[in-house]
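**Q** 3D model of this:
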Amino acid sequence: MPASRFVEQLNAQIGNELAAHNQYLACAIYYDALTMPRMAAFFYEQALEERGHAMMMVQYLVDTDAEVVIPGVDAPTSTFADVVAPVELALAQERRVTDQINGLLRTAREEGDFASEQFMQWFIKEQVEEVATMSDLLAVATRNRDDIEDIEEYVAREHGDEGEDPTAPRQAGAGG
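**A** Predicted structure coming up:
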């Protein structure tokens with residue numbers, strides 16, 4: 001069984017991941033309303049990915065006979081000043097999640113919880129990718145603030161169907 005301090009923090013992180021899901025959903029809806037289908041699809045996909053991360057954490061706790069506690073989350077920001085603002089928010093969110101994931105790994109290491117430390121390794125790699133993706137998207141959105149077609153073209157070109165990561169932890173409820 002994982003260290004109790006790790007379990008407590010991982011349960012809190014499940015809430016953080018679900019809050020990120022809701023925030024990305026709000027971003028997607030914003031872009032959908034602006035008739036920016038590629039940005040909307042990108043953020044709808046990001047929302048599903050964050051939910052998936054939460055479910056990976058749930059599955060880990062279930063697999064290790066630890067208690068799962070799904071925390072409540074605050075409502076997301078749903079109004080934005082312009083097409084750049086949701087991406088700015090997303091980058092800040094990914095940086096915050098990176099700090100949270102690093103904290104979870106640190107706790108597992110401090111507790112000598114080697115299985116939990118190993119579990120968190122995939123999330124460390126994932127956060128490097130997420131911050132890089134949002135940093136690049138922010139640069140493009142900022143540069144093309146007044147030309148949404150260029151933003152849409154970038155997303156279509158760079159973020160098409162990326163497929164499943166076979167190294168990802170299993171998600172609760174996903175079968176298999």
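
**Q** Distance-wise, check the residue nearest the centre of the chain relative to residue 159.
**A** Compute the mean C-alpha point of the chain, and by C-alpha atoms, centre = their mean the closest residue is residue 50, 3.8 Å away. According to C-beta to C-beta, to the nearest Å, residue 50 stands 15 Å off from residue 159. In this view, the C-beta of every residue, glycine as well, is placed from N, C-alpha and C.

**Q** likewise residue 41?
**A** Residue 41 sits 9 Å away from residue 159, going by C-beta to C-beta.

**Q** Next one: residue 176, what pLDDT does it get?
**A** Confidence at residue 176, expressed as pLDDT, is 56.

**Q** Quick check, the residue nearest to the centre of the chain in contact with residue 14.
**A** No. Between residue 50 and residue 14 there is no contact under C-beta atoms under 8 Å: 10.7 Å.

**Q** Name the residues that touch stretch 41-50?
**A** Outside stretch 41-50, the residues within contact range by C-beta atoms under 8 Å, 6 or more residues apart in numbering are 17-18, 20-22, 24-25, 27-28, 31, 86, 90, 137, 155, 159.

**Q** ok, 7 Å please
**A** The set of residues that contact stretch 41-50 without belonging to it, under C-beta atoms under 7 Å, 6 or more residues apart in numbering, is 17, 20-21, 24-25, 27-28, 31, 155, 159.

**Q** Tell me the buried residues in it?
**A** Neighbour counts over stretch 41-50 (16 or more other C-beta atoms under 10 Å) mark 41-44, 46-47, 49-50 as buried.

**Q** could you give me the average pLDDT of that stretch?
**A** Confidence over stretch 41-50 (mean pLDDT, whole number) is 97.

**Q** cool, and stretch 130-144?
**A** Average pLDDT, stretch 130-144: 98.

**Q** Below-threshold pLDDT in the protein: ranges please.
**A** Judged by pLDDT under 70, the chain has its weakly predicted residues at 160-163, 175-176.

**Q** what's the helix or strand for residue 2?
**A** Taking DSSP states H and E as the criterion, residue 2 maps to no regular element, lying outside all helices and strands.
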